[in-house]
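Colleague: turn this into a model:
(one chain, ligands or ions: 1)
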Amino acid sequence: MLAVAYVNGRIVAPQDAMISVFDHGFLFGEGVYEVMRTYDGELFLADRHFRRLRDSAAMISLEIGMPDQALARACRDTMDAFRTGPGRGAFDEELYVRLLVTRGIGEMTYDPAKAYRPSVVVIVKPLGQPASWVYEQGVAVALVSVVRNHPRSISPRIKSNNLLNNILAMQEALRRGPFAEAVMRNHRGELAECSQSNLFVVTGGAARTPALDAGLLAGITREFVEEVAAAAGIPVHDTRLTDEDLFGADEAFLTSTTKEIVPIVRVDDRPIGSGSPGPVTRRLLEAYRVRARDVARAAASRYRVEPPLPE
Ligand code: PMP
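Modeller: Okay, the predicted model is just below:
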C-alpha cells in the first residue's frame, strides 16, 4: 500500500503502523475521525475539519488533548514524510489525509474516566480522485432500505470510526448493482444522506438539501457548496426532502471532501431530470473548484510557523 501513517507521534510505513488490541478504538469502535484533502498540495479547510473532530469527540466525551496547531503539525509532517518517502522523489499529486482519534488504551470498561491517553493517527495516501467521466456523465445511486441511525441512538452528527450503519447501506446498494452510492432515509422516512456523502436536489434553478435535523453528518463540502452557491446567486435551502423530491428533481448531486460535487443521473432504474448532469450542478462544480484552490492557498500560510509537537 502506498501510504504513510503517524501513530501517536511516530511516522511509520504501513506495515509498522500498529495500534494495540487494548485500544478502545479496536475493542469498542470508540473513536472519531476526519478525512481531508489537499488542493495544490495545501490542506483544504483544515480548521473546519479540526472543529468538527472536536465536536464529534465532545459528543462521545473524548478529550483530544492536542491543540489545532499540533494536529496540523502532525498532518503536515506526515504529508511531508509521504511526499519524500522512498522511491517517491518529489510526489506532487493531491493527498488524502485521514485523522483519527480513539479513546486509547484503558481498562476494559465503558467508563471514559478509566481510559488513559487517546490514540492519534494520521494516514496519508494519494487522493485518487474520481475519473473524469464521473463528472462528465454522472453516476447512478441506490435508494436503500437501511435507515440512517436515529439521532438519539448514535447521532449521525458524530463522525465516528464505527461505520457499520454506512457500510450496511453501501453493501445493500452493491448487492443490487454497480451503484456509486447508497441514499438513506431517516427514521421518519425522509431523505437523509448517502453512505459517504451528502445529498442535494435541484428544482427550478434552486438547490435543496436535507436539513441537519433530519439526522445526518454536517458535511464540510455541503457547507462549502452552500457558500459557493450563495456567492454564485444560486438559491440553496436546508429543508425536508422525500423520495418524490428526488425522483421529481431536475438535477441531483452528492458532495464529499474526496469527491467534491458528483452529478447523480439515475436512482436505481429511474433517470433524474434529463438523465445527464444538469447546468446548475456543472456551474457549482466549476465555482467550487476555483474557490477551493483560493481558500487552500490562503490558509496555507497560517500553518507555516508552528510550535514543536508536545512530547
Ligand atoms: N455523510 C457521511 C455519512 C460521510 O461519511 C461523509 C464523508 N465524510 C459525508 C457525509 C461528507 O462529508 P464531508 O463533505 O465533510 O467530506
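Colleague: residues touching T209, list them.
Modeller: 198-201, 222, 226, 236-239, 241 (C-beta atoms under 8 Å, 6 or more residues apart in numbering). No exception for glycine: its C-beta is placed from N, CA and C like everyone else's.
Colleague: I'd like those written out as TSV, with secondary structure, distance to the ligand and pLDDT added.
Modeller: Converted to TSV, those look like this (DSSP: H, G, I helix; E, B strand; the rest coil; distance: C-beta to the nearest ligand atom, whole Å; pLDDT from 0 to 100):
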residue	secondary structure	distance to the ligand	pLDDT
N198	strand	5	99
L199	strand	9	99
F200	strand	12	99
V201	strand	16	99
R222	helix	6	98
E226	helix	11	98
V236	strand	15	98
H237	strand	18	98
D238	strand	14	98
T239	strand	17	98
L241	coil	15	98
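Colleague: columns neighbour count on top of these, output as JSON lines?
Modeller: Below are the contacts of T209 laid out as JSON lines (neighbours: other C-beta atoms under 10 Å):
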{"residue": "N198", "neighbour count": "22"}
{"residue": "L199", "neighbour count": "25"}
{"residue": "F200", "neighbour count": "27"}
{"residue": "V201", "neighbour count": "24"}
{"residue": "R222", "neighbour count": "23"}
{"residue": "E226", "neighbour count": "19"}
{"residue": "V236", "neighbour count": "20"}
{"residue": "H237", "neighbour count": "11"}
{"residue": "D238", "neighbour count": "14"}
{"residue": "T239", "neighbour count": "13"}
{"residue": "L241", "neighbour count": "22"}
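Colleague: could you work out the most separated pair of these?
Modeller: The most widely separated members of the contacts of T209 are E226 and L241, with 14.9 Å between them, by C-beta to C-beta.
Colleague: partners of the residue in the stretch 1-150 of the chain that the ligand sits nearest to in the sheet?
Modeller: For the stretch 1-150 of the chain, the nearest residue to the ligand under the criterion C-beta to the nearest ligand atom is V35, separated by 5.4 Å. When assigned by DSSP bridges, V35 has beta-bridge partners R98.
Colleague: can you tell me which of the contacts of T209 comes closest to D68?
Modeller: For those, the minimum distance to D68 (C-beta to C-beta) is 21.7 Å, reached by R222.
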